[in-house]
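Visitor: please find the sequence and the predicted model below.
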Amino acid sequence: MANAEKSAGETAPKLETVQIRHVPKFGAFMIAGAVFGAVFGLGVFEFVGNTQAEGWGAVMALLALGGAAIGGLIGLAWALLLERKFAKRAKVTQAAKLEG
């Protein structure tokens, strides 16, 4: 009897249309790109840079920072491309909202 009273008092769950898709983590892509860019900049300095000249440390730092900035932008571009690709594969479904 308690079950009948409980089910009579409840309302039907409300269905909502939801979109399910994968979204890349933009921050992770930017950080990974920045790290790879900085390593690339340091590698460029190692092969091209002149450590005998005065101010070589500043040149190395600028190459590393410039590489990190460019790498971060490239990582962001990759994340945006993946986000657009995943948006095309998004699935639309019905979901019930549970209350309580």
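Guide: Perfect, I can see it now. Residues are numbered from 1 along each chain as shown.
Visitor: C-alpha from now on. contacts and neighbour counts both.
Guide: Fine.
Visitor: let's see the pLDDT reported for the residue nearest to residue 22 when sequence neighbours are not counted.
Guide: Beyond its immediate neighbours in the sequence, the residue positioned closest to residue 22 (Cα to Cα, 6 or more residues apart in numbering) is residue 86, lying 6.0 Å away. pLDDT, residue 86: 86.
Visitor: buried residues in the helix or strand where residue 86 lies, which are they?
Guide: Using DSSP states H and E, residue 86 sits in helix 56-88. Going by neighbour count (16 or more other Cα atoms under 10 Å), the buried part of helix 56-88 is 59-60, 62-80, 83, 86.
Visitor: quick one on the thing from earlier: do I have it right that the residue nearest to residue 22 meets residue 21?
Guide: Yes. Counting by Cα atoms under 8 Å, residue 86 does reach residue 21; the two are 6.4 Å apart.
Visitor: who touches both of these two?
Guide: The contact sets of residue 86 and residue 21 do not overlap (Cα atoms under 8 Å, 6 or more residues apart in numbering).
Visitor: returning to what we had before: what distance separates the helix holding residue 86 from the middle of the whole chain?
Guide: 12 Å (Cα atoms, centre = their mean, to the nearest Å).
Visitor: so which elements touch it?
Guide: Judged by 3 or more Cα pairs under 8 Å, 6 or more residues apart in numbering; DSSP states H and E, helix 56-88 is in contact with helix 26-48.
Visitor: what's the angle from the helix it packs on to helix 56-88?
Guide: Angle, helix 26-48 to helix 56-88, by axes from the mean of the first three to the mean of the last three Cα atoms, to 10 degrees: 140 degrees.
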